[in-house]
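Asks: next come a sequence and a model predicted from it.
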Amino acid sequence: MNRRLLLAIPFGVAAVGGVGFYSILRAMQSGQFDPRGVPSQLIDKPLPEFVLPGFGRAEVVARKAPVVINFFASWCVPCIEEAPVLAALQKSGVPIWGIAYKDKQAATDLFLKRRGNPYAQLARDEDGRVGIEWGVTGVPETYLIDAQGIVRWRFTGPLSNNAARGLSQMMGRT
Amino acid sequence: MIGELGHFALALAIAFAVAQSVLPLWGAWRRDVRLMQAAPGLALGQLIALGMSFGCLVWASVSDDFSVQNIAENSHTLKPMLYKITGAWGSHEGSILFWCLILSICGGAVALFGGPLPASLRARVIGVLGLSAWGFELFTLLESNPFARIWPAPANGRDMNPLLQDPGLAFHPPILYMGYVGFAIPFAFAIAALLEGRIDAAWGRWVRPWTLMAWCFLTCGIALGSWWSYYVLGWGGYWFWDPVENASLLPWLTGTALLHSAIVVEKREALKVWTVLLAIGTFALSLSGTFLVRSGILNSVHSFATDPARGVFILGLLGLLIGGSLLLFAIRAPLLGGSGLFAPVSREGGIVLNNILLCSIAAVVLTGTLYPLFTDLLLDEKLSVGPPFFQATVLPLAAPVFFAMTIGPALSWKRAALGPALIKLWWVAIVAVVVGIVASFRMQGVASLSMAAAAWMIVGAFAEIIQRIRLFRVPFSNSVSRLFSLPLSTFGTTLGHAGLGVTIIGIAGMTLAAEQIALVHVGESVHLSGYDWTLEKVHDAAGPNYNARVAVIEVTKDGRHVVTLSPERRMFTTQTMTTTEAKIHTNIVRDLYAVLGEERDGAAVLRLHDNTLAPFIWLGALVMALGGFCSLADRRLRIAAPTRASTLSGAVSRT
């Protein structure tokens, strides 16, 4: 009997693994789980104070409505990949504000002319100091700020279609 | 038209696979000879249908048929012909079709060379292979059809990911897949044995060459992948403990264990249940490795195509196949008992130790790969497990393997004494200690210990041959004639063990690697590890589907010209992507490695590496695989002894 039990262990291990993977896949499909998502210190905290040419914390809070803030740069290849996703997001009615990170004005303008401009407001973080305060690990990076000016969600890397779908659902909720 | 033909051939292959998985197994159950004999024909039918289907895909790619979506997304008229052909397996859809094709080649191989097998065993093995195949073929047809059309057809394609446009990577998937999928044959034999409720020495003799074949290909495949990331990704590293790399390492570890335990089944009829479990586990890891990576669950630089919707389908298939076989194992394995006895200190004991250690390493690597994923899911906590974890856990487990693998072959079967075996190896130990001491002048502690271990493994591997030909104990001519009468499989073991030692030398040597990143103007030079690297000029060049900036770097040592390296940065126009083309000059003991980075203000960023002993890493893998093929060429293995004397000649001519 003991031996039988022993021989059934591999099946048990495989079954547990299978259930685990299944729940991961389901969560990925519904957009609740993303293996690439990295939590931010800012999550559920109020937005840090910042003033940039373009907009600052005051303007974001004054909106009194949720907004998506996207760090990008003309020199960043994944941002090109992300551009169509942002454009679609903007078309679906999600307000996106952009912060050009460590980028020259002319280069940013050229980039937006070529790849389309999904941003309702544009700020410039030329020396990357605000990026440090937000804890930006790289561009592109996307934040969701709720109506009270509290950071609710952060996504590193180019937004996938799935993540964008999850994002617009969250916009509905906050 | 060709596309539809391929589509139809794929559907036909599924029909064959379903028949192949039902009829022979039913026949073996009912002892119906006619149904059992249908097995080889059905397997060959599936092979021909899939071969045709894949041929159609290659044709569509070569003839630039952009009305086929897969071709439109992955090809371009300007893409070189080589990559049009290899692009057929470079895309997500194509690679899964190719995976199925190789599985059907396995079925075909058993059908062609399995003549001497008992009829019911052959029918069951082929049936199980069909059972594993049809689900994935159905997946190809329904969820990732490579022949899907788009309308209107674009004028030109979107081109392949430039990183994949490389000769090393072009042949990486076929070889790796041969390794992964090759383990389907031992798996099918294991399931067939569970169904039959019987395992004997003949079974072991059959399983071993197939395992060895798959193992050789997997070894080459992993080495090629590691080499590719070394020179294409331009990071200068060779192994990153990336989930995709780990996924290929796992079946290699358990496959190596299987290779050894199958010997015990063959020679001593022991470890039967364990060997069956290893065969199932190895194939399960191969399957999960290939498909979980593709579903995007494991996050990696290597995952080019990911889609969770496809993931659910694949997970279902994996669940049925792996879960089903482990359930069968739980029910039927108790019937297989009754193993030959052996003392703890014996050749069998050594192999058990090898198995335990290799499987522990596999368990550690598996844990490290999946742990972040599951903490994220269960505890909602993000963490990442990096190289330090793997180095800290794998090394202590690998060290005893290195130590034992030289002693193991010196032990005799059934019962042995450790003392005499160690005494026989005294001079090997001295060589190892000397090498370790010499190495410690230049390397740090762990690296010089690794050098000692490598010497112990390489010299120890050849000590076995020296022992057997009684060199210096009998007249020299006598030794030479003994050398020629040694079975090839002895050389196989020696090369296999020595090859791992060579790889370890390379890994230890890489700790001495030096690198420098410098902003260099034309005419300036950088001094790195005794060489002067002078940037002569930077110029433009045009390739078939890219434009390049080429740096010409003159490398000199003490004023003497060594080599001119010309690393490139390629801008692919259709994919708007830039790749760096590292240039490497090797003289076996060191690689001079140069990468051209960004250019600004008339100067270029150069990344220069001096990678000591790096080529040994891949050379060792090649030697290991060579050892495997050497064993395969051994006549005793090749004719796989279940033949009776009367069928012997037939078997020889068939192989």
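Replies: That came through, no problem.

Asks: poorly predicted segments of the stretch 201-350 of chain B, please.
Replies: Filtered on pLDDT under 70, the stretch 201-350 of chain B yields the residue ranges B:233-236, B:292-309, B:337-339.

Asks: the domain parsing of chain B - what is it?
Replies: B:2-385, B:425-511, B:515-613 (automatic domain parsing).

Asks: for chain A, that is, sorry about that
Replies: Using automatic domain parsing, chain A is parsed into the domains A:1-33, A:38-173.

Asks: just send the ones you listed back as a markdown table, with distance to chain B too.
Replies: All C-beta spots, glycine's among them, are computed from the backbone N, C-alpha and C. Formatted as a markdown table, the domains of chain A follow (distance: least, C-beta to the nearest C-beta, whole Å):
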| stretch | distance to chain B |
| --- | --- |
| domain A:1-33 | 4 |
| domain A:38-173 | 6 |
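
Asks: how about the least confident helix or strand in chain A by mean pLDDT: buried residues?
Replies: When each helix and strand of chain A is scored by mean pLDDT, DSSP states H and E, helix A:161-173 comes last, with a mean of 74. For helix A:161-173, a neighbour-count test (16 or more other C-beta atoms under 10 Å in any protein chain shown) marks A:162-167, A:170-171 as buried.

Asks: could you work out the most separated pair of those?
Replies: Across the buried residues of helix A:161-173, the longest distance by C-beta to C-beta is 15.1 Å; it joins A:Asn162 and A:Met171.

Asks: can you pull out the strands in the chain?
Replies: Using chain A. Here chain A has its strands, by DSSP state E, at A:67-72, A:96-101, A:121-125, A:141-145, A:151-156.

Asks: oops, wrong one, chain B.
Replies: Going by DSSP E, chain B shows strands at B:514-521, B:525-528, B:531-542, B:546-557, B:560-565, B:568-572, B:577-581, B:583-586, B:590-600, B:603-612.

Asks: of all those strands, which lies closest to chain A?
Replies: Ranking these by proximity to chain A (C-beta to the nearest C-beta) places strand B:577-581 first, at 7.0 Å.

Asks: just checking: what are the partner strands of that closest one?
Replies: Strand B:577-581 has the following sheet partners, assigned by DSSP bridges: strand B:568-572 (antiparallel).

Asks: now the end-to-end length of stretch B:20-40.
Replies: Stretch B:20-40 has an end-to-end distance of 9 Å (criterion: C-alpha to C-alpha, to the nearest Å).

Asks: contacts for that stretch next, please.
Replies: Stretch B:20-40 has contacts (C-beta atoms under 8 Å, 6 or more residues apart in numbering or on different chains) with B:19, B:42-43, B:45-46, B:107, B:110-112, B:114, B:119-120, B:122-124, B:126-131, B:133-134, B:195.

Asks: roughly how far does the residue nearest to B:Val623 when sequence neighbours are not counted sit from chain A?
Replies: Nearest in space to B:Val623, with sequence neighbours left out and distances taken as C-beta to C-beta, 6 or more residues apart in numbering or on different chains, is B:Gly499 at 3.3 Å. Remark: distance between B:Gly499 and chain A (C-beta to the nearest C-beta, to the nearest Å) = 31 Å.

Asks: ok, B:Gly499 touching B:Cys630?
Replies: No: look at B:Gly499 against B:Cys630 with C-beta atoms under 8 Å: they stay out of range, at 10.8 Å.

Asks: so for these two, which residue has more residues nearby?
Replies: Ranked by neighbour count (other C-beta atoms under 10 Å in any protein chain shown), B:Gly499 and B:Cys630 place B:Gly499 first, with 24 against 20.

Asks: contact partners for the more buried one?
Replies: Applying C-beta under 8 Å, 6+ apart, the residues near B:Gly499 are B:620-627.

Asks: what about 7 Å?
Replies: Each residue near B:Gly499 by C-beta atoms under 7 Å, 6 or more residues apart in numbering or on different chains is listed here: B:620-621, B:623-624, B:627.

Asks: sorry, back to before: dump the domains of chain A into CSV; add distance to B:Glu245 as well.
Replies: Formatted as CSV, those follow (distance: least, C-beta to C-beta, whole Å):
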stretch, distance to B:Glu245
domain A:1-33, 20
domain A:38-173, 21
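
Asks: now tabulate the strands of chain A in TSV and tack on mean neighbour count.
Replies: Shown next, in TSV, are these (neighbours: other C-beta atoms under 10 Å in any protein chain shown):
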stretch	mean neighbour count
strand A:67-72	25
strand A:96-101	24
strand A:121-125	20
strand A:141-145	23
strand A:151-156	20
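
Asks: for B:Leu101, find the nearest of the ones you listed.
Replies: Taking the strands of chain A one by one with C-beta to C-beta, strand A:151-156 is closest: 38.2 Å.

Asks: just want the angle from the closest one to strand A:67-72.
Replies: On the basis of axes from the mean of the first three to the mean of the last three C-alpha atoms, to 10 degrees, strand A:151-156 is oriented at 30 degrees to strand A:67-72.

Asks: show me the shaky parts of chain B.
Replies: Checking chain B against pLDDT under 70 turns up B:233-236, B:292-309, B:337-339, B:380-384, B:575-576, B:635-655.

Asks: which residue is nearest the middle of it?
Replies: B:Leu218 (2.1 Å; C-alpha atoms, centre = their mean).

Asks: which residues does it contact?
Replies: B:176, B:179-180, B:251-252, B:255.

Asks: ok, now how distant is it from B:Trp203?
Replies: Distance, B:Leu218 to B:Trp203, using C-beta to C-beta, to the nearest Å: 22 Å.

Asks: same question, B:Ala429
Replies: On the measure of C-beta to C-beta, B:Ala429 and B:Trp203 end up 38 Å apart.

Asks: so which of the two has more stuff around it?
Replies: Neighbour totals were compared for B:Ala429 and B:Trp203, and B:Trp203 leads with 26 against 16 (other C-beta under 10 Å).

Asks: I'd assumed B:Ala193 was in contact with that one.
Replies: Yes: using C-beta atoms under 7 Å, B:Trp203 is in contact with B:Ala193, at 5.8 Å.

Asks: and the helices in the stretch 201-350 of chain B?
Replies: B:201-231, B:243-268, B:272-294, B:308-318, B:324-332, B:347-378 (DSSP state H, counting those that start in this stretch).

Asks: want to throw these into CSV with distance to B:Tyr83?
Replies: Output for those, formatted as CSV (distance: least, C-beta to C-beta, whole Å):
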stretch, distance to B:Tyr83
helix B:201-231, 14
helix B:243-268, 21
helix B:272-294, 21
helix B:308-318, 25
helix B:324-332, 38
helix B:347-378, 31
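
Asks: these: which one's closest to B:Phe462?
Replies: Using C-beta to C-beta, the helices of the stretch 201-350 of chain B put helix B:347-378 closest to B:Phe462, at 18.3 Å.

Asks: ok, longest helix in chain A?
Replies: Using DSSP state H to define each element, chain A has its longest helix at helix A:2-29.

Asks: what is the neighbour count of the nearest residue to B:His539 once chain neighbours are set aside?
Replies: Nearest residue to B:His539, sequence neighbours excluded (C-beta to C-beta, 6+ apart): B:Val550, at 5.6 Å. B:Val550 has 17 neighbours, counted by other C-beta under 10 Å.

Asks: coming back round to it: closest to B:Leu326 out of the contacts of B:Gly499?
Replies: B:Met624 (29.7 Å).

Asks: list the contacts of B:Val428.
Replies: Neighbours of B:Val428 in contact, by C-beta under 7 Å, 6+ apart: B:406, B:456, B:459-460, B:463.
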